[in-house]
Each structure stands twice: as C-alpha cells, then as structure tokens.
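**Student:** fold the stuff below for me.
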Amino acid sequence: MNAVIMAGGKGTRLSPLTDHQPKPMMPILDKPILRYIIELLKKHDITDISVTLGYMANNIIQAFGDGRDLGVKLRYVIEKEPLGTAGSVKNAANDFNEDFLVISGDAYTDFNLTELIAFHKSHGKLATIAATRVKDPSEYGVMLLNAAGKVRTFIEKPQVPISDVVSTGIYVFKKEIVKKIPSGFQDFARNVFPTIAGQIYAKIMSGYWSDIGTLLSYYSTNYHVAENRIKSAQL
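**Tutor:** As a prediction, this is how the structure comes out:
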C-alpha cells in the first residue's frame, strides 16, 4: 500500500519555533516528528511513501533523502503554492493504482494502522477516517457514527460540538477518491467529504494521538512521550 504524508504546511501556530525549520522537522524528544511517522508506516509494512512539501522543502529532503536509511522509499511532491489537504493528496496520488493511506505530517501517534486498513477493506466504501475521542472537540472535525462506523454527520470545528468523536487527519482511501477532488486548493473536510456522503466510514482507534500544530500541544506531546519512556524504563 502507498501512503501520502501531508508535510507542506508552514506551521504558523508554532512560531517562533518554525521560523527557521519546517513543522515536520520539529523534534519529539530525540528525533523529528516526520521520522516517527515514517517509522510507524514501516512498522505496518507501508514503505512506498509520497511526502507533500512546500515550506522549507529542502530541509526535509536533505534530512531524509530517498528513505533507504529507514528502509522505505520516499518520493517528494513539492507544491509551488498551497493546495490544501485534498488538493495536495490529489497532486501526490494521481498515479496510484490501489488503495492508499494519508497521514498528517504533524501527527504523533501509535495507532494500529494495520487494523485501520483491514476495517477499510471490510466495508468497501470510498473513505475511512481514523477517529479518536477528545475532551474538547471544538477544534476538530466532529462526527456522529452509526453502529457499523458509517459517518452520519461530519461538522468541521462546530461551535457546539455534537460528539466527542473527532477526525485525526489519518485516512484510508480507495484510489477513486482522486477523481472526486477538483483541481486547485481543496480541503477534505470542507470541500470533499460533503460530496461523498454515504461513502465515509470511521474507526475509533485505541492508542495515543496528538496533533502538534500548536505550542501547547507540541510541548504537551513531548512531555507525554518523555513520561511514558520514563515509566517504561522503570518496568
């Protein structure tokens, strides 16, 4: 299976930390978050990886090269101008000939991607969203699901949350999704998902997930990872 890592954003909410390095190069303890993501993909036998780049693209290319040191094959797709989440994926996945996984370049997680892919194949629809429960869902895409995991309602950053189940920005798609995405700047939550209602399922994942897009979440994630390592070392 192919994967696309969306890593082209400027990371303005992490300024001044991202003034001189791209967000995917931000370290979680001892290594960049992008390396954690690549290692997670490889752990689940996903080794053909396209990385969408924009801001400070050369910093990432120089750091990771072709990926052989990590046991994967990396391909870089550089955007001349921002294309949004869906636009960047369309740009990167046009030549894919099978289902593929998409993950944000600022996601620190230990989700079982093999389970997610198996669930996607089991329902046979166009899209699968990796979901989780959060205390404050107001900054995320919030979902209502039926018993089988079919998405009944999806609302991006609602003023009044209807659920604590949110999208993590990790998806598995059938290759046909590319044809559903118009050219130019497109966002999955705002522009694409409303057009494929009835074709989206979500799986509530167990495990840790954090979006390091803000200073608070970035520092919190580092703390959580350090705390877990200390506990593990004491066992």
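**Student:** kindly list the longest helix within this protein.
**Tutor:** Assignment by DSSP state H gives helix 215-234 as the longest helix of the chain.
**Student:** by contact count, what packs against that helix?
**Tutor:** With contacts defined as 3 or more Cβ pairs under 8 Å, 6 or more residues apart in numbering; DSSP states H and E, the packing partners of helix 215-234 are strand 27-28, strand 209-211. Yep, even glycine has a C-beta here, placed from its N, CA and C like the rest.
**Student:** put together a markdown table for those, with distance to M143, mean pLDDT and mean neighbour count on each row.
**Tutor:** Formatted as a markdown table, the helices and strands packed on helix 215-234 follow (distance: least, Cβ to Cβ, whole Å; pLDDT from 0 to 100; neighbours: other Cβ atoms under 10 Å):
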| stretch | distance to M143 | mean pLDDT | mean neighbour count |
| --- | --- | --- | --- |
| strand 27-28 | 27 | 96 | 16 |
| strand 209-211 | 15 | 94 | 20 |
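**Student:** select, out of those strands, the one closest to S122.
**Tutor:** strand 209-211 (21.7 Å; Cβ to Cβ).
**Student:** buried sites along stretch 172-190?
**Tutor:** By 16 or more other Cβ atoms under 10 Å, the buried positions in stretch 172-190 come out as V172, F173, K174, K175, I177, V178, K180, I181, Q186, F188, A189.
**Student:** state the pair within those residues that is farthest apart.
**Tutor:** Farthest pair in the buried residues of stretch 172-190, by Cβ to Cβ: K175 and A189, 20.6 Å.
**Student:** looking at the protein, which helix or strand is least sure?
**Tutor:** Of the helices and strands making up the chain, the lowest-confidence element is helix 215-234, at a mean of 85, by mean pLDDT, DSSP states H and E.
**Student:** turn the helices and strands packed on helix 215-234 into a markdown table, including distance to G87.
**Tutor:** What follows is the helices and strands packed on helix 215-234, written out as a markdown table (distance: least, Cβ to Cβ, whole Å):
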| stretch | distance to G87 |
| --- | --- |
| strand 27-28 | 27 |
| strand 209-211 | 20 |
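**Student:** many thanks, we can stop here.
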